[in-house]
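In: Here you go, sequence then predicted model.
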Amino acid sequence: MNSETLSTPPPSLELRGLALHYEGQPLFEGLDLTVQAGRCTALLGASGVGKTSLLRIAAGLAAPDAGTVRANDGLPLPGRVAWMGQQDLLYPWARALENVTLGSRLRGEKPDKARARDLLAAVGLAGRERALPKELSGGMRQRVALARTLYENRPVVLMDEPFSALDAITRATMQELAARLLAGRTALLITHDPMEACRLGHSLYVMAGRPARLGHEIAVPGTPPRAPDDEALLHTQGELMRALLESRAA
């Protein structure tokens, strides 16, 4: 399955001057980030540093205490963003195929069941279209959630640890699928896995401190999905690991 063509070029996301406080303490302040159009930006950092909060603000699911999120083309973001959170959020009463096409049904559109079946097959769940979430493992549920996110075919995709429940081989396979289907879209990916970030990202950032700041951009040569033994990937992974270790020590 290949990436679908977008009707219009995807925008870049401009996050400017973002501030958020938690229990009276600043989680981040004056935070700026540009998620480049048609490219994947990966965000890493220690648990609790504010990555998910930042992603939720970018998605319009939470409001910052200060700052703005806008698309560089000046058009509204609602309706142009697909979101995949840490939890699969599958409806327990809906079968796998129904969960994939949930967005269409909520919008009153006719679901594209053939495309949904293709996506379920692509994530390794052919023949499980009628399975309820309780009949699926955690990794299978996460793959249904990935298929649902890709089904939306949005120009902007925000993903929070989308492959965390998968075994190493399935994870690598899903990374390759996501890279193909997200090609040409504006994506912001949160991950704790340096290899994953280097396989999928064009630009990498480490978020650290309190209030949190973003480190310098780490650019990854080549086109995703990069081979795990690619020399440029291995070099960048080393640079990223140094940045992560330095952020811990700071």
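Out: Thanks, I have it.

In: residues touching A114, list them.
Out: Contact partners of A114, counting by Cβ atoms under 8 Å, 6 or more residues apart in numbering, are absent. All C-beta spots, glycine's among them, are computed from the backbone N, C-alpha and C.

In: Let me know the secondary structure of it.
Out: helix (DSSP: H, G, I helix; E, B strand; the rest coil).

In: again, but for R226
Out: Following three-state DSSP, we place R226 in the coil state.

In: Is P11 in contact with V81, as I believe?
Out: No - using Cβ atoms under 8 Å, P11 makes no contact with V81, being 10.4 Å away.

In: where do the contact lists of those two overlap?
Out: In contact with both P11 and V81: V156, using Cβ under 8 Å, 6+ apart.

In: Look at stretch 41-49 and report the distance between its end residues.
Out: 17 Å (Cα to Cα, to the nearest Å).

In: Off-centre distance for that stretch?
Out: Between the centre of stretch 41-49 and the centre of its chain there are 12 Å (Cα atoms, centre = their mean, to the nearest Å).

In: Residues contacting the helix or strand hosting L55, please?
Out: Secondary structure from DSSP states H and E places L55 in helix 51-59. Applying Cβ under 8 Å, 6+ apart, the contact partners of helix 51-59 are 13, 15, 18, 20, 22, 27-28, 31, 33, 35, 43-45, 62-64, 69, 81, 83, 85-86, 158, 160, 188, 190, 207.

In: Check which element follows it along the chain.
Out: Downstream of helix 51-59 (by DSSP H and E), the next one is strand 66-71.
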